[in-house]
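Asks: Sequence first, predicted model second:
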Amino acid sequence: MKAIIQQSDTLVWTEVGDSHPCGPGTVRVRITATAVNRADLSQRAGHYPPPPGITDILGLECSGVVQETAPDVNWPQVGDEVCALLAGGGYAQEVVVPAGLVLPVPKGLSLLEAAAVPEVFTTAFLNLRLEGALQPGERVLIHAGASGVGTAAVQFCSAWGNPVVVTVGSEAKCRRSETLGARLAVNRKAGPWVEQATREGKFDVILDPVGGSYLESNIHSLNPGGRLINIGLLGGREGTLPLGPLLTKRLQVKGSVLRSRSVQEKTAILARLKDEVWPLFESKQIRPIIETVLPIEEAERAHQLVQSNQTVGKVLLRVLE
């Protein structure tokens, strides 16, 4: 089997030996495409190691065709076109994954496009609907709104009828976010975002991958009973938490990571995702936003693109023609 490994600080597509056996409750997927997530860059830098027992091959999602199933697996079947949420191993020709983390390709999407779905749409759904307990009509603020998770979250809010504001890093990203359903897009590089973002009101849910440097501003931007869901640390691991408004406004601050959750918990989340989100794909209310598709051999270039912060949505890596 071929996979991406790191050699002398460069990502290289090379032979790595046989893939793992297909054990109980798992299926083997021949990968058509995978996607670059910022978590891949963090893992590569040594800041986000895989959970115990998980391969150190990068890649948190894929699409492909089922090649083998364990005897105790009823679905999927050999030959099915699927997409899958992975704890690792997507930058390879094959991956063995628990059957509960495999989903059918949404109707209306190609097998290639489906590689852009599992990680970011699961993350956005989990943190808006489940962790954030988003209710009809509530206002939402999404930081890094042009990212993969951000573009998924904006579309969810638009489909669900929740007014949504985003912060992004350029005027071009502002315009793109508005086409996806953002009521207001704020260029964070044009000055402090708080006053601009809250000019029509404060928020009931904030989805934030930035972390420390935004913590205090996020707290002041929430309505009474508001929920701050932190999903990343791009802006640092420490920040100032104003306890006064936390108490008087009865706020909730939650940290949320998808990768380290148990297979059982992720299986339950994906079951809800399929029931509630696949119809939105089929009705074309949402879609994966894809910046570009590169061959897997150009994984290094793909990482540089994501690191540049110039992309909107996902960068895909095509593994199998």
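Replies: Looks like it came in fine. Numbering: from 1, shown residues only.

Asks: Which other helices and strands does the helix or strand harbouring residue 268 contact?
Replies: For residue 268, the element it lies in under DSSP states H and E is helix 263-282. The contact analysis (3 or more Cβ pairs under 8 Å, 6 or more residues apart in numbering; DSSP states H and E) places helix 263-282 against strand 102-104, helix 118-125, helix 148-160. Any C-beta I mention is one placed from the backbone N, CA and C, and that applies to glycine too.

Asks: can you do 10 Å?
Replies: strand 81-85, strand 94-98, strand 102-104, helix 118-125, helix 148-160 (3 or more Cβ pairs under 10 Å, 6 or more residues apart in numbering; DSSP states H and E).

Asks: could you dump those to TSV with mean neighbour count?
Replies: Converted to TSV, these look like this (neighbours: other Cβ atoms under 10 Å):
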stretch	mean neighbour count
strand 81-85	25
strand 94-98	23
strand 102-104	21
helix 118-125	26
helix 148-160	26
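
Asks: okay if I get those as a markdown table plus distance to residue 75 and mean pLDDT?
Replies: Formatted as a markdown table, the helices and strands packed on helix 263-282 follow (distance: least, Cβ to Cβ, whole Å; pLDDT from 0 to 100):
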| stretch | distance to residue 75 | mean pLDDT |
| --- | --- | --- |
| strand 81-85 | 10 | 98 |
| strand 94-98 | 12 | 97 |
| strand 102-104 | 8 | 98 |
| helix 118-125 | 16 | 98 |
| helix 148-160 | 25 | 98 |
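
Asks: Next, format those as CSV and append distance to residue 263.
Replies: What follows is these, written out as CSV (distance: least, Cβ to Cβ, whole Å):
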stretch, distance to residue 263
strand 81-85, 10
strand 94-98, 5
strand 102-104, 12
helix 118-125, 14
helix 148-160, 21
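
Asks: domain parsing for this protein?
Replies: 2-116+288-318, 121-255 (automatic domain parsing).

Asks: of all these, which lies closest to residue 280?
Replies: Within the domains of the chain, the stretch nearest residue 280 is domain 121-255; the backing value is 5.4 Å (Cβ to Cβ).

Asks: end to end, how far does the closest one reach?
Replies: 18 Å (Cα to Cα, to the nearest Å).

Asks: now swap in stretch 74-92 and tell me
Replies: 25 Å.

Asks: Only the buried residues of it, if you could.
Replies: Within stretch 74-92, the residues scored as buried using 16 or more other Cβ atoms under 10 Å are 76, 80-92.

Asks: out of those residues, who's nearest residue 249?
Replies: Out of the buried residues of stretch 74-92, the member with the shortest distance to residue 249 (by Cβ to Cβ) is residue 85, at 34.5 Å.

Asks: got the contact list for that closest one?
Replies: 60-62, 97-98, 100-103, 117-119, 121-123, 258-259, 266-267, 269-270, 273 (Cβ atoms under 10 Å, 6 or more residues apart in numbering).

Asks: try it again with 7 Å
Replies: Residues near residue 85 by Cβ atoms under 7 Å, 6 or more residues apart in numbering: 61, 101, 118-119, 122, 266, 270.

Asks: Could you do residue 166 as well?
Replies: Taking Cβ under 7 Å, 6+ apart, one finds 142, 145, 150, 154, 177, 182, 185 in contact with residue 166.

Asks: Give me the neighbour count for the fifth one.
Replies: The burial metric for residue 177, expressed as a neighbour count using other Cβ atoms under 10 Å, is 26.

Asks: what's the burial count for residue 55?
Replies: So residue 55, with other Cβ under 10 Å, has 20 neighbours.

Asks: same thing with residue 205?
Replies: Around residue 205 there are 28 residues (other Cβ under 10 Å).

Asks: Need the contact partners of the helix or strand hosting it.
Replies: Secondary structure assigned from DSSP H and E places residue 205 in strand 203-208. With Cβ under 7 Å, 6+ apart as the test, strand 203-208 has contacts from 127-128, 132, 134, 138-143, 153, 214, 218, 221-223, 226-231.

Asks: now swap in stretch 252-271 and tell me
Replies: Outside of stretch 252-271, the residues within contact range by Cβ under 7 Å, 6+ apart are 39, 51, 60, 85, 87, 98, 100-101, 103, 122-123, 126-127, 131, 227-231.
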